[in-house]
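# got a predicted structure plus its sequence, pasted below:
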Amino acid sequence: MEKETEKEEVSPSYSSTLVLIENIQDNCIPEIINLLVENISKKLADIDFFIERIPEIHSAVITFTCDIDTADFIGKFSSCHRAQGQGVTARSLEESRTVRVEGIPPKTPETMIELYFESARNGGGSVQNVVMLPDENAVLVTFYLPEVLQTLMTRQHAFNNQAVSVYPYYTSIGHCLYGQKGPHTAIPDSEEIPISLHITEFISKDPQKKIIVENAMANIYCDITWPDLGHPTPVIKLSFLNTLSCQLWTLAKVAPTWKNKVHAEFSRLMSMYKVIECDLKPPVWEAIREKVSSSPNLSEPHCQVTLQNGANLVTYKGDLCQHNADVIVISSNKNLKPTGGAALALVKAAGLKLQKDCELIIQKEG
């Protein structure tokens, strides 16, 4: 079920002294924080300490790998006019009793996880709580004693011969620390999905429909590259958002199930569109075109064709607003407000009541 081996050295992300820097602005580059810490502590970056940025919460954690009085450092940091000018603050990070385990095989029983991390052979101890995170292929394991992490973090771990990664987790910030090497999570490869030429053209010619698709995919951290219009075999490219490459915490949470969620959401969006190809022979279609072009009377059908599925295709030519119909279906924006084209023409022909009815629908249905 599991195996472990000794690492060469203890993970500095747990064994060393930690200081949390908060309120870091997005425009504050890493070099500024490094120089600030060096000048105040009189220590050297990458030798005496390293800094792990957590942009999701506008913070960073300093891991000191040398002897230092953290209380004295925090006091000097807080009174430093350079730090005050950047608006950043410093405080100690609590001792952790929780680890985040990433790469857990799907459907791993919670009992197996508890038994594994209570095993002395695996460097574990008495487990207080386990929180399963199936969407992230991860778990949070909390021990009764913080000293357990000192042993646990020196081991390599695996479930069902599949290696897993263990990182110290800090409840006060809701994040774990990955250390200098970062998480073992790779950025997902882009996906290329064939798409109907007709659907591509239909969406691309309507900016609102295109934005709806792009926003829905962006909500699950996916960027869309649309194919060139007119390409005979169009393929749409779905890529992981580049902006997440430096957000290690979000990357580790999203990446394991990103591909499945992207496929499911894109399929849902495309299911709203359907292409029906009718087998109309060129002479028949040409006859329809000629009859439509030559007839001036809107009230009478110019041509009627029965398709193979039994449906009747009837063509008319003229002013749509003057046509006698039970229902007229046209495209519209989400506010049902006519801004041009057929929608504006219909409102002008029908009068203000049509627009007021549309406004009532928006008030009731949203």
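Everything's here; your move.
# now the helices: where do they sit in the stretch 51-200 of the chain?
Using DSSP state H, counting those that start in this stretch, the helices found in the stretch 51-200 of the chain span residues 70-79, 81-86, 110-118, 148-152, 197-204.
# among these, which gets the worst mean confidence?
Among the helices of the stretch 51-200 of the chain, helix 197-204 carries the lowest mean pLDDT, a mean of 86.
# pull that one out as CSV, backbone CA atoms only.
What follows is helix 197-204 as a C-alpha-only set of coordinates in CSV (Å, rounded to 0.1, in the frame of the first residue of the first chain):
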residue,chain,number,x,y,z
LEU,A,197,-17.1,25.2,-39.3
HIS,A,198,-20.7,26.5,-39.2
ILE,A,199,-20.7,26.8,-35.4
THR,A,200,-17.4,28.7,-35.5
GLU,A,201,-18.6,31.2,-38.0
PHE,A,202,-22.0,31.6,-36.2
ILE,A,203,-20.3,32.4,-32.8
SER,A,204,-17.5,34.5,-34.3
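# picking that back up, the helices of the stretch 51-200 of the chain: which one's closest to residue 226?
Closest approach to residue 226 among these is made by helix 197-204 (6.4 Å; CB to CB). Placement of C-beta: from N, CA and C, glycine included.
# after that closest one, next one along is what?
For helix 197-204, the following helix or strand on the C-terminal side (DSSP states H and E) is helix 207-218.
# domain map for this structure?
Split into domains by automatic domain parsing, the chain comes to 12-92, 98-176, 191-270, 279-318, 321-366.
# what is the longest helix of this structure by residue count?
Identified as the longest helix of the chain according to DSSP state H is helix 248-270.
# just how off-centre is it within its chain?
Remark: helix 248-270 is offset 6 Å from the chain centroid, using CA atoms, centre = their mean, to the nearest Å.
# and that helix, what's buried?
248-258, 262, 265-266, 269-270 (16 or more other CB atoms under 10 Å).
# that older thread, out of the helices of the stretch 51-200 of the chain, which is the most enclosed?
Comparing the helices of the stretch 51-200 of the chain by mean neighbour count (mean count of other CB atoms under 10 Å), helix 148-152 ranks first with a mean of 19.
# export it as PDB, just CAs?
Below are the C-alpha coordinates for helix 148-152, written out as PDB (Å, rounded to 0.1, in the frame of the first residue of the first chain):
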ATOM      1  CA  VAL A 148       5.000  14.900  14.200                       C
ATOM      2  CA  LEU A 149       5.700  17.100  11.200                       C
ATOM      3  CA  GLN A 150       9.400  17.100  12.100                       C
ATOM      4  CA  THR A 151       9.600  13.400  11.300                       C
ATOM      5  CA  LEU A 152       6.900  13.200   8.600                       C
END
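# mind listing residues that contact it?
With CB atoms under 8 Å, 6 or more residues apart in numbering as the test, helix 148-152 has contacts from 10, 14-15, 96-97, 99, 117, 122-126, 143, 166, 168.
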